[in-house]
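1. Below are the sequence and a predicted model; questions follow.
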Amino acid sequence: MTLTNNKKLLAWVDEVAKLTTPKNIIWIDGSEELYEKLRREAVESGEMIRLNEEKYPNCYLHRSALNDVARVEGRTFICSPTKEEAGPTNNWMDPEEMKALLRPLYEGSMAGKDMYVIPYSMGVVGSPFAKYGVEITDSIYVVLSMNIMTRVGKEVLDAIGEEGDFVKGLHAKSELSEEGRYIVHFPHENTIMSINSGYGGNVLLGKKCFALRIASCLGRDEGWMAEHMLILGVTNPEGETKYLAAAFPSACGKTNLAMLVPPEGYREKGWKVWCVGDDIAWLRPGPDGRLYAQNPEYGFFGVAPGTNMKSNPNALLSSRKDSIFTNVVHDLENNTPWWEGLDKNPPANALNWKGEKWDASAGEKGAHPNSRFTAPAANCPCLSDKYEDPQGVPISAIVFGGRRAKTAPLVYQSRSWSHGVFVGSIMGSETTAAAAGAVGVLRRDPMAMLPFCGYNMADYWQHWLDMEDKVPNLPKIFNVNWFRTDDEGKFIWPGFGDNMRVLRWIFDRAEDKIDARENQIGYVPLPGDIDLEGIEDEVTPEILEGLLAVDKELWRQEAEGIRQFYAKFGDKVPEKLTEELKRLEEEMK
Ligand code: OXD
Ligand code: MN
């Protein structure tokens, strides 16, 4: 049975089947019947384990191969026609050379297996934001996860129609060999090829591969933006709701901010925070001259460790049904998932993420640090009612952030759009103990897009700057840093729900409701303008002053680091950004 008359799609499926020689070709039509059959098959083969039906209805546990537990930036390629187009921060290979390398890897790779054809949409089907894709895969885990993370099925084929275009994604698990692992993008052909991996970030091709790397190129060509940003809405006690989009590198609490629970005093007064998206935002000029955002995804692919009823109740509750858990601890007594930081009671009778008998008291972690939950956004208790709005939500503020022990203040506002683009381009974060390597090393990660920008980052900055000509009423741009530490290395700002206090200032500034003080790097809050009611014991006005202070010596070093980073891009760095850098150097003299 085929569900479409799109000749291009039928020809491509045929071509892939000839190359990979599967036993059957199964079109994913979105029917529950087919999903149920695949779930049963995955349980029978051991690919997934069905969890406790009462506590975790329709939830499954999955383990990826031991050598395959994270995105592999070293094996991710942008194969644009020229190396310059991919830029100095992406791996590049000539497209034809890469195809010649990949072809033998795919040859016969699905022999004896079923091949699944998944039509999916990034964005609300039929909306101005939507872009369609088709992923071919030999993994049931991918089929079931794509159904959580994107909108899948016949309605997407109908939206593509007989003549319509789509992004091609070809995934084969093959032997899961590390040497043969490739995650490859051909932006000029709207094609993604992934092989020898079964880990989410490498194989759920709608997410990073399509919605960021390919979509960033589409956005450049079509006048919109694909960004690694959460989207949230804040309703004030007067009942007005405003939205912001925010970019953070990993390990900066992005999912927690996306689903923030305001402090008790705020909740009592009627403040509410709504999640529109936790990872990706597509931003387009709207009919009223403002910038509008939609979350192109349909679910959350969240890091499990550290998620608990205190740190992020909304994420935890999102994953209580219809979810897939990957590389977590399996509590055999209850047949439930567990991870470090869920609670203080590691299960006594359990298997670790590798599927081995696990004894928590022996000191080794049970869940992989990058273990994940894949959960439908519809489960999220604070999901915005505008989440499925075809027009998206109007964005009042764009927020950049990173993890900086000293340099960056708690919050500052950029002086202009160009200055804001500069602030995004110099983003960086200090490494934590969660990742391998030295702790506290600064990694520059412009707009948190370093591993996700599908073309030359310097051209991407120019595209940001050019938005000023396309959108008359652009949002204001801010930078936040929740992670300043004192001399003992302790965090000064309480973070989590109390970040609401900073969001409030950001919205007030975005609407020009309050004044601010200009310093060497932008605008910072006036004394008294960050509400400290309820945390006065922890954060006195003097401490807040310290959190907002600019240390000229540190910023001189910062400017030097930025100059070195910019040098990688040669003369491609937009002039407006080098001008901003010069101004920063001047200010710090
Ligand atoms: C993610 C990431 O998984 O940014 O969202 O790495
Ligand atoms: Mn991300």
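-> Happy to help now that I have it. Ligands and ions are numbered 1, 2, ... in the order given.
2. can we go C-alpha only for contacts and neighbour counts from here?
-> Will do.
3. After the lengthiest helix in the chain, which helix or strand is next? Please name it.
-> Ranked by residue count and defined by DSSP state H, the top helix of the chain is helix 552-567. Counting by DSSP states H and E, the next helix or strand C-terminal to helix 552-567 is helix 575-587.
4. Show me which residues of that following helix are buried.
-> Lys576, Leu577, Thr578, Glu580, Leu581, Leu584, Glu585 (16 or more other C-alpha atoms under 10 Å).
5. Equivalent analysis for stretch 297-310, please.
-> For stretch 297-310, the buried set under the neighbour-count rule, 16+ other C-alpha under 10 Å, comprises Glu297, Tyr298, Gly299, Phe300, Phe301, Gly302, Val303, Ala304, Pro305, Thr307, Asn308.
6. quick one: which of these sit in strands?
-> Applying DSSP state E to these, the entries found in strands are Gly299, Phe300, Phe301, Gly302, Val303.
7. Redo those residues as TSV? Include distance to Ala17 and pLDDT.
-> Listed next are those as TSV, based on distance: C-alpha to C-alpha, whole Å; pLDDT from 0 to 100:
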residue	distance to Ala17	pLDDT
Gly299	29	98
Phe300	31	98
Phe301	29	97
Gly302	33	96
Val303	35	95
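8. Can you pick out the most distant pair from those residues?
-> Gly299 and Val303 (13.1 Å; C-alpha to C-alpha).
9. Any idea how many residues pack against the residue lying closest to Asp94 once chain neighbours are set aside?
-> Of all residues not flanking Asp94 in the chain, Cys79 sits nearest, at 6.0 Å (C-alpha to C-alpha, 6 or more residues apart in numbering). Cys79 has 29 neighbours, counted by other C-alpha atoms under 10 Å.
10. Give me the distance between the closest residue to Leu205 other than its chain neighbours and Ile183.
-> In space, and not counting its chain neighbours, Leu205 is closest to Gly169: 6.5 Å by C-alpha to C-alpha, 6+ apart. Distance, Gly169 to Ile183, by C-alpha to C-alpha, to the nearest Å: 10 Å.
11. Give me the common contacts of these two.
-> Counting by C-alpha atoms under 8 Å, 6 or more residues apart in numbering, the residues touching both Gly169 and Ile183 are Ile192, Met193, Ser194.
12. Let's see which of those end up in strands.
-> Ile192, Met193, Ser194.
13. Report the buried members of these.
-> Buried among those by 16+ other C-alpha under 10 Å: Ile192, Met193, Ser194.
14. And those, which is closest to Ile506?
-> The shortest gap between Ile506 and any of those belongs to Ile192, at 38.1 Å (C-alpha to C-alpha).
15. List the residues that contact the closest one.
-> Going by C-alpha under 8 Å, 6+ apart, the list of residues near Ile192 reads Val167, Lys168, Gly169, Leu170, Ile183, Val184, His185, Phe186, Leu205, Cys209, Phe210.
16. mind listing the helices for the stretch 301-450 of the chain?
-> Under the criterion DSSP state H, counting those that start in this stretch, helices of the stretch 301-450 of the chain are mapped to 313-318, 417-425.
17. Buried residues, the first one. List them.
-> Think helix 313-318. Pro313, Asn314, Ala315, Leu316, Ser318.
18. Mind putting those into a markdown table with pLDDT and distance to Glu32?
-> Shown next, in a markdown table, are these (pLDDT from 0 to 100; distance: C-alpha to C-alpha, whole Å):
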| residue | pLDDT | distance to Glu32 |
| --- | --- | --- |
| Pro313 | 97 | 29 |
| Asn314 | 98 | 26 |
| Ala315 | 98 | 25 |
| Leu316 | 98 | 25 |
| Ser318 | 98 | 20 |
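19. Among the residues you listed, which one sits closest to Gly30?
-> Lowest distance from Gly30 to those (C-alpha to C-alpha) belongs to Ser318, with 21.3 Å.
20. mind checking how far the closest one is from Cys59?
-> Noted for Ser318: a distance of 12 Å to Cys59, by C-alpha to C-alpha.
21. related to what we said a few turns ago, in the longest helix of the chain, what's buried?
-> Buried positions in helix 552-567, judged by neighbour count with 16+ other C-alpha under 10 Å: Trp555, Arg556, Glu558, Ala559, Ile562, Arg563, Tyr566.
22. Those into TSV, with extra columns for distance to Cys380 and pLDDT?
-> Below are the buried residues of helix 552-567 laid out as TSV (distance: C-alpha to C-alpha, whole Å; pLDDT from 0 to 100):
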residue	distance to Cys380	pLDDT
Trp555	40	97
Arg556	44	97
Glu558	39	97
Ala559	41	97
Ile562	39	98
Arg563	42	98
Tyr566	40	98
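23. Let me have these in a markdown table, extended by distance to Gly420.
-> Formatted as a markdown table, the buried residues of helix 552-567 follow (distance: C-alpha to C-alpha, whole Å):
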| residue | distance to Gly420 |
| --- | --- |
| Trp555 | 17 |
| Arg556 | 19 |
| Glu558 | 17 |
| Ala559 | 16 |
| Ile562 | 15 |
| Arg563 | 17 |
| Tyr566 | 16 |
